[in-house]
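> Fold the following, please.
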Amino acid sequence: MTGDCAFCAIVKGDAPAEIVYEDESTLAFMDIHPAAQGHTLVIPKEHSRNIYDIEEEALLATARTTMKVAKAVRAAFEPDGLNILQANEPGGFQSIFHFHFHIVPRWVGDDLIRPWRPKPTDYAQIREAAELIREKLS
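The predicted structure follows:
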């Protein structure tokens with residue numbers, strides 16, 4: 001845990017939060033700046049800045065809790081859909097630097113917008129990008 005992390009303060013009990021679920025390694029609580037009613041955050045208790053430095057077991061535990069809480073959010077609010085979002089670094093819209101998932105209930109016609117607009121791309125560029133990724137995976 002880090003001293004200046006708002007989510008670590010919640011884990012330690014030093015900051016208030018409306019907790020909806022807790023187990024040995026994860027915590028789920030309501031977002032204080034919700035995008036929609038029922039907007040919930042799920043975090044690992046152990047501090048990790050983002051996807052680049054989280055341990056695999058912590059990621060898996062957080063994903064399991066996200067699935068469990070998403071089902072409860074769906075049952076509680078009966079939304080038309082649901083977004084699960086995870087942001088990394090400022091360029092990816094991360095603002096709290098403690099790994100977390102957002103669970104955001106969605107309704108047809110709500111005022112939320114897509115984070116990107118699909119656009120056509122030259123298939124050669126797609127193939128080139130895929131090759132670069134494959135090289136880094138090997």
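> Count the neighbours of Ile19 for me.
Other residues near Ile19 number 12, with proximity taken as other Cβ atoms under 10 Å. The C-beta positions use only the backbone N, C-alpha and C, and glycine is treated the same way.
> and it, what does it touch?
Shown in contact with Ile19 (Cβ atoms under 8 Å, 6 or more residues apart in numbering): 27-29.
> Return the set of buried residues in the top helix by length along the chain.
As far as residue count goes, and with DSSP state H defining each element, the longest helix of the chain is helix 56-77. By neighbour count with 16 or more other Cβ atoms under 10 Å, helix 56-77 contains the buried residues 58, 61-62, 65-66, 69-70, 73.
> Distance to Gly109 and pLDDT added to these, as TSV?
Formatted as TSV, the entries for these read as follows, by distance: Cβ to Cβ, whole Å; pLDDT from 0 to 100:
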residue	distance to Gly109	pLDDT
Ala58	37	98
Ala61	35	98
Thr62	31	98
Thr65	30	98
Thr66	26	98
Val69	25	98
Ala70	21	98
Val73	19	98
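> Quick check: phi and psi at Gln94.
Its backbone dihedrals place Gln94 at phi -70, psi 130, with angles given as degrees, to the nearest 10.
> now Phe29
phi -150, psi 160.
> Go ahead and confirm it touches Thr40.
Yes: the pair formed by Phe29 and Thr40 meets the contact definition of Cβ atoms under 8 Å, at 7.0 Å.
> what touches both of these two?
Val20.
> Which secondary structure elements does the longest helix of the chain sit against?
Helices and strands touching helix 56-77, by 3 or more Cβ pairs under 8 Å, 6 or more residues apart in numbering; DSSP states H and E, are strand 19-22, strand 26-30, strand 40-44, strand 81-85, strand 101-106.
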